[in-house]
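*Asks:* What follows is a predicted protein model with its sequence.
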Amino acid sequence: MVGAMLVAKQYRCTHSSTCLCIKGHLSEDTLFLVFQHLNWNPRLIAVISCVCKWFDEIAKRVLWKEFCHARAPKMMLDLQSSGSHNIDGNWKALGKLLIYCSGCSKGGLFTNIHIPGHFVYRTRFSRTSGKSFLIPHCKADVLYVSDPCEHLDQGDEGDIGFFRGVFKSFSVSKVKKMLMDKQAEFHPTEVCPYCKAKLWNLLQEKMIPRSACGRLGSYDDSVEYYVCLNGHMLGLCTLLPLSDSEEISELE
């Protein structure tokens, strides 16, 4: 933590929103070693990026990439395999997707309730689970999807689960081709919380299979999700209540 504070102090700039400083910083090699020692601490990377443009550029190019590979090595290897480099240049967005539940705001994408976005300590992403979110025509696509982040007792909405994911090689995926063939319209106002790209509503395009409900443990017809131009997916569902036996086993 002492090392983290020293690095933060080194990069604290007077004009945080317009920092253009290029001198007086540690070398990139030193930064790499410091953050490697800190296990690519994502909170610290995000905080310093907010106060130093020079650091933010290095973080986008190097530190977020190393964080992603450290947090989900097999997933990253697969996303970049077979000559697929569609995530290059989007490491910061992918890093955020790994650790951040976007929540929702009143009048936003999903509901009229407000659930703030928040960091998630650890989330499991599964390629196998991703198959349940693809209609039969698109089963050849590769999609990694997280377990739902549970937000319980949300009034009339009940228990809500947020989930997120990322496509491999989305630019050449069958899902994107189908959306283009349908001439699907983007959401008029909302953008991807991870990369700010435009969003398609897969529920509106009738591209959500019933198998997604079973995978999430949610009510039928309560699943909705979007995918952005860069292949990031975010969604919401209403979770089924646990049975008495499941509640007991969780307490044990």
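*Replies:* Done, it's in. Note that the coordinates shown come from a computational prediction; the quantities given were computed from them, not determined experimentally.
*Asks:* which stretches of the stretch 151-252 of the chain form strands?
*Replies:* For the stretch 151-252 of the chain, the strands defined by DSSP state E, counting those that start in this stretch occupy 160-167, 186-191, 198-201, 224-228, 232-238.
*Asks:* Out of those strands, which gets nearest to residue 131?
*Replies:* The closest of the strands of the stretch 151-252 of the chain to residue 131 is strand 160-167. By Cβ to Cβ, the value is 11.5 Å. From N, CA and C alone the C-beta is placed, and that goes for glycine too.
*Asks:* Next, the angle from the closest one to strand 224-228.
*Replies:* Orientation of strand 160-167 against strand 224-228 (axes from the mean of the first three to the mean of the last three Cα atoms, to 10 degrees) gives an angle of 30 degrees.
*Asks:* just to revisit the earlier point, would you convert the strands of the stretch 151-252 of the chain into JSON lines that also reports distance to residue 139?
*Replies:* Shown next, in JSON lines, are the strands of the stretch 151-252 of the chain (distance: least, Cβ to Cβ, whole Å):
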{"stretch": "strand 160-167", "distance to residue 139": "13"}
{"stretch": "strand 186-191", "distance to residue 139": "25"}
{"stretch": "strand 198-201", "distance to residue 139": "19"}
{"stretch": "strand 224-228", "distance to residue 139": "16"}
{"stretch": "strand 232-238", "distance to residue 139": "16"}
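*Asks:* Is it possible to get CSV of those that adds mean neighbour count?
*Replies:* Output for these, formatted as CSV (neighbours: other Cβ atoms under 10 Å):
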stretch, mean neighbour count
strand 160-167, 25
strand 186-191, 14
strand 198-201, 20
strand 224-228, 24
strand 232-238, 24
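*Asks:* Residue 65 is nearest to which of those strands?
*Replies:* Once the strands of the stretch 151-252 of the chain are compared by Cβ to Cβ, strand 160-167 is nearest, at 14.5 Å.
*Asks:* quick check: angle from that closest one to strand 232-238?
*Replies:* Here the directions of strand 160-167 and strand 232-238 differ by 160 degrees (the same axes, to 10 degrees).
*Asks:* what are the pairing partners of strand 160-167, and which direction each?
*Replies:* Looking at strand 160-167 with DSSP bridges, its partner strands are strand 143-146 (antiparallel), strand 149-151 (antiparallel), strand 232-238 (antiparallel).
*Asks:* between those, which one is nearest to residue 177?
*Replies:* Nearest to residue 177, of all these, is strand 143-146, at 14.5 Å by Cβ to Cβ.
*Asks:* Can you pull out the residues in contact with the closest one?
*Replies:* When contacts are defined by Cβ atoms under 8 Å, 6 or more residues apart in numbering, strand 143-146 is touched by residues 75, 79, 123-127, 129-134, 163-168, 175, 215, 233.
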